[in-house]
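Participant: show me how the following folds:
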Amino acid sequence: MNGQTDEISRKEILSMREEELYLVHEEVNKLIDELKTAIKEHQGQLDKLAPQLKAEQEQCAYQHIRLLPSNADLLPGLHIKVFENGKDYGETCIYISRKDLQQPIKELLQTIEQMLQRSADFTATGLRPSRLFDEKGQEINHFQSLQNEQKVWISCGEDYRDPVDKILNLSFDKVMCTEKEGNKIIYETFVDPDASFPGYSSWHLCPRFPNIVTPSYLQSLHTSNVVNEDSLFLQSKVDQQMILHPSVMLEKRSRAPGQSGKKGQLDQPVSGLFSCNVWLITRAGMILSKAMPQICLAVGEPIILRNAEGTIMEGYGLALQKRGRNESGQLWGFSNKGAIFPKVCQ
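Facilitator: Okay, here's the model as predicted:
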């Protein structure tokens, strides 16, 4: 209308004559005025309804609230994860109200039984629990000590059974030596997990680190990788620079279905030095590694440990030694309850 068309991109507007532009402009202004009038009218109606709307919101928020007595228990219940005794799989999650937790232990176990039978996740139908244990094997007699999301194990009167198998595993780490300020340092180094090693007849057992090994240069060394020079070592008969350090570690393995065929389980055939969780027991009471029969378990140095509760315990470390004759520290006894003890400490 004023000749400025730089900011106009729509073709239908650019093609209009001047008379048509004036008519459209008047219609747009009329619509704008009508819209402003409608906004003012609706805003007035909203202002009148505001007090009524606020009152209805307050009434809706408080109409379902009632006053509780001063001695009411406001604490929530607990969600617990229930397992069958001796299993670490197939958990069933149940909710126990605070009211149910105030019942005597016998009645509460009946409540847990009813909840388990109603749960679709629970498969051991007909189980009547009479005892309850925590993950440390301690029997639970007071439910006030339970925590939310805690794992518990139920039994039908029998004692607690550990849900995992504890396996004593013998492993071998490759070691090398270096010198620092005139002192020899033995340290563990990387071993290719796919590497194959010969059987026990291809190794010499050394009660301490062999002196004929050539020291290597090492720029930095982590103290956690250092090995005692007086430990037991294996030296290859073919390559005298190849040295292995045996050690034992207690591992926990699940009993869940489908786990028995995985690598490292007890039923796996022993083939090579790195599958060594099978042990042989002689009539005399020696415990030998099936993968390396020259190695046996022995009583180590005295140690002092502190458990999680802060209790100090004294005992002996478990050591690996070369099998010998008339070595009292290499002989073990077995109790009627399945415990293993060193005969020398009797």
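Participant: ok, the closest residue to P210 other than its chain neighbours to W203 distance?
Facilitator: Leaving aside its sequence neighbours, P210 sits nearest to Q235 (C-beta to C-beta, 6 or more residues apart in numbering; 5.4 Å). Every residue, glycine included, has its C-beta placed from N, CA and C. Q235 sits 7 Å away from W203, going by C-beta to C-beta, to the nearest Å.
Participant: who has more neighbours, these two?
Facilitator: Taking other C-beta atoms under 10 Å, Q235 and W203 do not tie; W203 has more neighbours (22 against 18).
Participant: wasn't T37 part of a helix?
Facilitator: Yes. Under DSSP: H, G, I helix; E, B strand; the rest coil, T37 sits within a helix.
Participant: what about it, how many residues nearby?
Facilitator: T37 has 10 neighbouring residues, counting by other C-beta under 10 Å.
Participant: can you tell me how far it is from K30?
Facilitator: For T37, the distance to K30 - C-beta to C-beta - is 11 Å.
Participant: could you work out the end-to-end span of stretch 190-201 for me?
Facilitator: End-to-end distance of stretch 190-201 (C-alpha to C-alpha, to the nearest Å): 23 Å.
Participant: one more: stretch 91-105?
Facilitator: 21 Å.
Participant: helix or strand for the residue nearest to P210, which one?
Facilitator: strand 233-236 (DSSP states H and E).
Participant: cool, K48 as well?
Facilitator: helix 18-62.
Participant: and that helix, how far out from the chain middle?
Facilitator: Centroid separation for helix 18-62 versus its chain: 61 Å, with C-alpha atoms, centre = their mean, to the nearest Å.
Participant: direction included, what does the helix or strand following that helix pair against?
Facilitator: Using DSSP H and E, the helix or strand that follows helix 18-62 towards the C-terminus is strand 78-84. Counting by DSSP bridges, the strands paired with strand 78-84 are strand 92-96 (antiparallel), strand 150-155 (parallel).
Participant: so where's this structure shaky on pLDDT?
Facilitator: Low-confidence segments of the chain (pLDDT under 70): 1-16, 18, 57-75, 121, 123-126, 192-195, 218-224, 258-275.
Participant: got the domain ranges for it?
Facilitator: Domain assignment for the chain by automatic domain parsing gives 16-48, 78-155, 169-268, 278-346.
Participant: can you give me the helices for the protein?
Facilitator: Under the criterion DSSP state H, helices of the chain are mapped to 11-14, 18-62, 98-101, 105-118.
Participant: a markdown table for those helices, including distance to C296?
Facilitator: Shown next, in a markdown table, are these (distance: least, C-beta to C-beta, whole Å):
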| stretch | distance to C296 |
| --- | --- |
| helix 11-14 | 97 |
| helix 18-62 | 76 |
| helix 98-101 | 52 |
| helix 105-118 | 47 |
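Participant: determine which of the ones you listed approaches V152 most closely.
Facilitator: Nearest to V152 among the helices of the chain is helix 105-118; the distance by C-beta to C-beta comes to 8.8 Å.
Participant: so the closest one versus strand 150-155, what angle?
Facilitator: Orientation of helix 105-118 against strand 150-155 (axes from the mean of the first three to the mean of the last three C-alpha atoms, to 10 degrees) gives an angle of 100 degrees.
Participant: show me what counts as buried in helix 105-118.
Facilitator: Buried positions in helix 105-118, judged by neighbour count with 16 or more other C-beta atoms under 10 Å: L108, L109, T111, I112, E113, M115, L116.
Participant: what does stretch 296-309 rub up against?
Facilitator: Residues from elsewhere that reach stretch 296-309 (C-beta atoms under 8 Å, 6 or more residues apart in numbering): 248, 279, 286-289, 312-323, 327, 329-330, 332, 342, 344-345.
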